[in-house]
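Asker: A structural model of the following input is requested.
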Amino acid sequence: MRLKADLTLLIVAVIWGSAFVAQRIAGQMGSVYLFNAARYLLAALAVLPLALRVGTSSASPKISRDQYKWMLIAGSLLFLGSALQQVGVVYTTAGNAGFITSLYVVLVPIALFFVWGEKPHWMSILAVGLAAVGAFLLSTGGRFEIRVGDLLVLVSVLFWTFHVIILGKYASRFEAMTFSVGQLIVCGILNFVLGVFVEPFPAPDWSWIGAVAYTAFFSLALAYTMQIWAQRHTPPADAALLMSLESVFAVLSGWLFLNERLALIQVFGCVLIFIAVLLSQFKEWTSGALDHEHLVEGR
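Answerer: Numbering: from 1, shown residues only. The predicted structure is shown next:
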């Protein structure tokens with residue numbers, strides 16, 4: 001069962017990494033907010049039957065006012081993170097976006113310290129330093145010239161970070177599937193409202209439709225469900241390592257499907273970020289206390 005769970009998480013990492021290619025394709029077509037709206041609302045519809053099934057079988061199927069509040073907060077953070085990330089993907093590569101997005105794992109303990117007063121492990125502080133150097137090398141190629149796309153994705157990481165914390169601290173008290181659907185709907189509606197005002201409706205195009213379908217059904221609906229199941233049957237250390245490979249698969253997918261290239265110094269930056277992500281979870285691996293909410297989000 002553990003081997004099956006580990007293989008499942010590896011597939012999840014492949015799906016999430018390759019999803020940056022679909023986002024990049026949609027971004028190059030000028031679709032940002034309406035693309036996000038379509039994929040998040042479609043994902044909510046895909047997960048809704050499962051959520052309703054779980055909800056009706058629960059001892060307390062009714063959604064409380066408190067849950068509505070936190071679904072609204074989580075969905076709003078998801079909207080801000082996804083919108084900034086998708087705009088950023090228009091101006092950077094899928095590989096860069098994947099590695100920069102993975103920095104949220106590094107920033108979570110730092111945000112917990114500054115906002116909630118939780119003292120970070122010393123390895124988390126070291127990880128932040130490595131991640132900062134890695135992000136600089138990846139984005140600039142060693143020259144002080146920050147690309148707009150990389151900067152936007154980096155700002156989006158701040159919202160992914162707080163989204164992960166909200167899930168871990170507050171959303172965990174509610175039923176997971178109904179909460180997931182709720183935040184997806186909030187995120188989709190906010191993207192749609194903004195998109196109606198700032199961008200034209202995309203013309204029918206199979207590339208755009210394919211990008212929406214892949215990210216909605218595979219990256220959001222299927223992979224999230226697979227991840228929840230798999231982490232019940234594998235140790236936190238396995239899960240953290242396997243899912244941190246998402247950024248690696250983002251680079252490989254960009255190279256394979258979009259012919260994206262990285263200079264040697266940018267590859268070194270990717271290595272530093274990858275090491276930082278692993279170091280940031282070292283304390284949780286040794287204690288075995290890493291929650292699944294602290295490993296994913298922000299697709």
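
Asker: Rank the helices and strands of the protein by mean pLDDT and give me the bottom one.
Answerer: Across the helices and strands of the chain, mean confidence by mean pLDDT, DSSP states H and E is lowest for helix 282-287: a mean of 58.

Asker: got the residue ranges for the helices in the stretch 51-200 of the chain?
Answerer: Under the criterion DSSP state H, counting those that start in this stretch, the stretch 51-200 of the chain contains helices at 65-91, 94-101, 104-116, 122-140, 148-169, 176-198.

Asker: Just put those in a markdown table and tack on mean pLDDT and distance to Leu258.
Answerer: (Each C-beta comes from the backbone N, C-alpha and C, glycine too.) Putting the helices of the stretch 51-200 of the chain into a markdown table (pLDDT from 0 to 100; distance: least, C-beta to C-beta, whole Å) gives the following:
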| stretch | mean pLDDT | distance to Leu258 |
| --- | --- | --- |
| helix 65-91 | 95 | 11 |
| helix 94-101 | 92 | 6 |
| helix 104-116 | 87 | 23 |
| helix 122-140 | 86 | 17 |
| helix 148-169 | 92 | 14 |
| helix 176-198 | 93 | 24 |
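
Asker: Would you convert the ones you listed into CSV that also reports mean neighbour count and distance to Ser280?
Answerer: Formatted as CSV, those follow (neighbours: other C-beta atoms under 10 Å; distance: least, C-beta to C-beta, whole Å):
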stretch, mean neighbour count, distance to Ser280
helix 65-91, 20, 18
helix 94-101, 29, 14
helix 104-116, 19, 5
helix 122-140, 20, 4
helix 148-169, 21, 11
helix 176-198, 20, 24
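
Asker: Which stretch among those helices approaches Val47 most closely?
Answerer: helix 176-198 (5.3 Å; C-beta to C-beta).

Asker: quick one: contacts of the closest one?
Answerer: 32-34, 36-41, 43-44, 47-48, 50-51, 54-55, 63, 67-68, 70-72, 74-76, 78-79, 82-83, 171, 220, 224, 228 (C-beta atoms under 8 Å, 6 or more residues apart in numbering).

Asker: and the next element down the chain from that helix?
Answerer: helix 206-213 (DSSP states H and E).

Asker: now the angle from whichever helix or strand comes after that following helix to helix 176-198?
Answerer: Using DSSP H and E, the next helix or strand after helix 206-213 towards the C-terminus is helix 223-230. Helix 223-230 and helix 176-198 are oriented at 160 degrees to each other (axes from the mean of the first three to the mean of the last three C-alpha atoms, to 10 degrees).

Asker: by contact count, what packs against helix 223-230?
Answerer: With contacts defined as 3 or more C-beta pairs under 8 Å, 6 or more residues apart in numbering; DSSP states H and E, helix 223-230 has these neighbours: helix 2-28, helix 33-57.

Asker: what comes up buried for that helix?
Answerer: Under the neighbour-count criterion of 16 or more other C-beta atoms under 10 Å, helix 223-230 has Ala223, Tyr224, Thr225, Met226, Gln227, Ala230 buried.
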